[in-house]
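# Sequence unavailable; structure follows:
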């Protein structure tokens, strides 16, 4: 008798969906911690999370490679600035999110990253691929 198993590609998609949902939850939690940053609606949070996801996949690696010398000289601190720039760029694409200034966006990105790390450790820690078919 064969048991149904999950294909590695299906597992990959499920993991990405969970990461996206964690990103949305992290944005909502971080938004509640900052009085000066606000989203107009929950639809704005979802769209902002999607834009952040796309920018982190396509733009951030290129910017990281271009700023690698600065990152090495600052012992990695410049990655925080890069995260802030990605968040501000996403805010330019999505109307309905308001950052009063660079430093607010900086601390928002730091707290958002910390919350995302914690939630990823809780929810994605135990997800593993075990693909085998028993006869």
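Ah, there it is. Quick caveat: nothing in here was measured; it's all calculated off a predicted structure. Numbers count the residues shown, from 1 in each chain.
# those strands in this protein, which residues are they?
38-39, 97-98 (DSSP state E).
# now those in TSV, with distance to residue 110 and mean pLDDT?
Every C-beta, even on glycine, is put in place using the N, C-alpha and C of the backbone. Formatted as TSV, the strands of the chain follow (distance: least, Cβ to Cβ, whole Å; pLDDT from 0 to 100):
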stretch	distance to residue 110	mean pLDDT
strand 38-39	18	89
strand 97-98	17	92
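# wait, which of the ones you listed is closest to residue 65?
The closest of the strands of the chain to residue 65 is strand 97-98. By Cβ to Cβ, the value is 27.4 Å.
# ok, now which ones touch the closest residue in space to residue 33 that isn't next to it in sequence?
Once flanking residues are discounted, residue 33 sits nearest to residue 111: 6.1 Å by Cβ to Cβ, 6 or more residues apart in numbering. Neighbour list for residue 111: 30, 33, 34 [criterion: Cβ atoms under 8 Å, 6 or more residues apart in numbering].
# Out of the residues you listed, give me the one that has the most neighbours.
Among those, the one with the most neighbours (other Cβ atoms under 10 Å) is residue 30, at 20 neighbours.
# quick one on the thing from earlier: which of the strands of the chain sits closest to residue 74?
Nearest of these (Cβ to Cβ): strand 97-98, 27.5 Å.
# And stretch 35-43, what's buried?
By neighbour count on 16 or more other Cβ atoms under 10 Å, the buried set for stretch 35-43 is 37, 39.
# Next: stretch 114-125.
Buried residues in stretch 114-125, defined by neighbour count with 16+ other Cβ under 10 Å: 115, 116, 119.
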